[in-house]
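attaching a predicted model along with its sequence, questions to come.
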Amino acid sequence: MGALSLFPQELLDAIVDCLDDDRPSMKACSLVCRAFRPYATTRLFYQLDLRATLYSYKQWSRFHRMCLSSPQIPLTFRKLHLSFFHLHTGAGLAVTVLRMLKNVEILVLSVTPPENLSPYLKAALVAMPIIHLVAQNMRIRVKAEFLLLLNECLPRIKTLSCLNVTCSDTEERYRVITRTCLLEQVEVLGRSPMPQVLDAIADGYIGQPNELRYLRLGVALDGDPAFGRLISLESVRNINLAPKGFIPPAKIVADAINIHHLHDIILHIQDLRWLVACLSIPPPWTSALRSIHINAYRYSEQDALLPSVWTELDDRLSQSHMTSLHTVQFWRCSDDVWAHICACCLQLLKAGVLRRHSVAPKRSI
């Protein structure tokens, strides 16, 4: 311990971080000395996975006994994964356990359907300082119930992530009382889109989205008007329409909107015509666009764009009001496509703005 005291705590924490993928070694490291224990404990007890099924009563009971014997353990958890399917036996124990988790900031919720949450469980969620909700693999029967869950149980969330979430209700049952919305990031990913909830966010059903900064959409938009209303918000700065790891969505079928208030744009190459149409709208002031990243994944000769599209893009981005633009980068772009782009976008190439993402060569076997 005397020798370790000569090193700063940040260096010791970096050593512990190297054991993230080796949980047994992390447990052993927490018992080495007092200098390693605090940070190693927070890494060991960072995420908690709890399931509520007909056979999970023993799991909840065992965790409850551990919390009673070591009251500091439930206070170290920052991420909670809840899966509710059948919660009959042990519902009171589940509420007791959730009330012990007072520092959870990230909630991963898988509830089928979400309106099955009892008032006691909702009260336990309200007491948590949750700022990030991840809703995954959920089928929402009544859209208003999901909005009530956001309004009543999670009023402080700043990030909403939806992965494979569907909503079967197409009619609004009743209007949710609006409030001040703190949402800064909205992510909708997966195969099944959730346009109803996007519409609700755009219409202010969970409060006016005046703080919204970042949009990440990995679903087929199909001309959803909520897409245009959300991007048109003056508070939005970054949009990602081509998330890594997801199949490119269908082409954007939407009217051109003013996007000059955005700072960073990520989109697929098949949506380039829509981008050119949006850039054709003159801004009332100098454009704030700083970088545009275009993903050329699954770009084939059948989808080849006419040279006029690249020429128009070159012309729009080289105008005098685009003073903030410093990067137009292409990802996963083949040599032939890159040569075609460089031949059409001469002004961007001359200005040094046009770039190609470098890919490390594959190692030989």
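Thanks, I have the structure now.

just to be sure, residue 73 is in a strand?
No. Using DSSP: H, G, I helix; E, B strand; the rest coil, the secondary structure at residue 73 is coil, not a strand.

check contacts around it.
Listed by Cβ atoms under 8 Å, 6 or more residues apart in numbering, the contact set of residue 73 reads 45, 66-67. (C-beta placed from N, C-alpha, C; glycine too.)

what segments of the stretch 101-250 of the chain are strands?
106-111, 132-140, 159-167, 185-189, 214-217, 238-240 (DSSP state E, counting those that start in this stretch).

picking up where we left off before, okay, and which of the contacts of residue 73 map to helices?
66-67 (DSSP state H).

including distance to residue 22 and neighbour count, could the contacts of residue 73 go into JSON lines?
Shown next, in JSON lines, are the contacts of residue 73 (distance: Cβ to Cβ, whole Å; neighbours: other Cβ atoms under 10 Å):
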{"residue": "45", "distance to residue 22": "16", "neighbour count": "16"}
{"residue": "66", "distance to residue 22": "22", "neighbour count": "11"}
{"residue": "67", "distance to residue 22": "25", "neighbour count": "17"}
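
how about the contacts of residue 73 in TSV, adding distance to residue 165?
Below are the contacts of residue 73 laid out as TSV (distance: Cβ to Cβ, whole Å):
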residue	distance to residue 165
45	28
66	32
67	31
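
let me know the closest of the contacts of residue 73 to residue 353.
Taking Cβ to Cβ as the measure, residue 353 sits nearest to residue 45 out of those, at 47.2 Å.

ok, now which ones touch that closest one?
With Cβ under 8 Å, 6+ apart, residue 45 has these contacts: 73, 76-77.

and it, what pLDDT?
At residue 45, the model reports a pLDDT of 83.

for it, phi and psi?
Torsion angles at residue 45 (phi, psi; degrees, to the nearest 10) stand at phi -110, psi 50.

check the one 5 residues further on too.
As for residue 50, its main-chain torsions (degrees, to the nearest 10) stand at phi -130, psi 130.

how much space between it and residue 74?
Distance from residue 50 to residue 74, counting by Cβ to Cβ, to the nearest Å: 12 Å.

what of residue 289?
Applying Cβ to Cβ to residue 289 and residue 74 gives a distance of 46 Å.

again with residue 33
From residue 33 to residue 74 the distance is 24 Å (Cβ to Cβ).

picking that back up, residue 285: which of the contacts of residue 73 is nearest?
Looking across the contacts of residue 73 and measuring by Cβ to Cβ, the closest to residue 285 is residue 45, at 49.7 Å.

what segments of the stretch 51-200 of the chain are helices?
With helices called from DSSP state H, counting those that start in this stretch, the stretch 51-200 of the chain shows them at 57-69, 91-100, 119-126, 143-148, 195-202.

for the second one, packing partners?
The elements that helix 91-100 packs onto, with contact taken as 3 or more Cβ pairs under 8 Å, 6 or more residues apart in numbering; DSSP states H and E, are strand 47-52, helix 57-69, helix 119-126.

from the chain's centroid, how far away is it?
Computed by Cα atoms, centre = their mean, to the nearest Å, the chain-centroid distance of helix 91-100 equals 28 Å.

angle of that helix against helix 57-69?
Note on geometry: by axes from the mean of the first three to the mean of the last three Cα atoms, to 10 degrees, helix 91-100 and helix 57-69 are set 40 degrees apart in direction.

now do the buried residues in helix 91-100.
94-98, 100 (16 or more other Cβ atoms under 10 Å).

right, and residue 209 touches residue 233 too?
Yes. Using Cβ atoms under 8 Å, residue 209 makes contact with residue 233 at a distance of 6.3 Å.

who's more crowded, the two?
For residue 209 and residue 233, the more surrounded residue by other Cβ atoms under 10 Å is residue 209, and the numbers stand at 21 against 17.

for that one, grab phi and psi.
Here is the backbone geometry of residue 209 (degrees, to the nearest 10): phi -80, psi 60.

what sits against it?
Here residue 209 is in contact with 181, 183, 201-202, 230, 233, 235 (Cβ under 8 Å, 6+ apart).

per-residue pLDDT, it?
pLDDT at residue 209 comes out at 78.

how far away is it from residue 235?
Taking Cβ to Cβ, one finds residue 209 at 7 Å from residue 235.

ok so, going back, nearest to residue 357 among the buried residues of helix 91-100?
Checking the buried residues of helix 91-100 one by one against residue 357 (Cβ to Cβ), the nearest turns out to be residue 98, at 44.1 Å.
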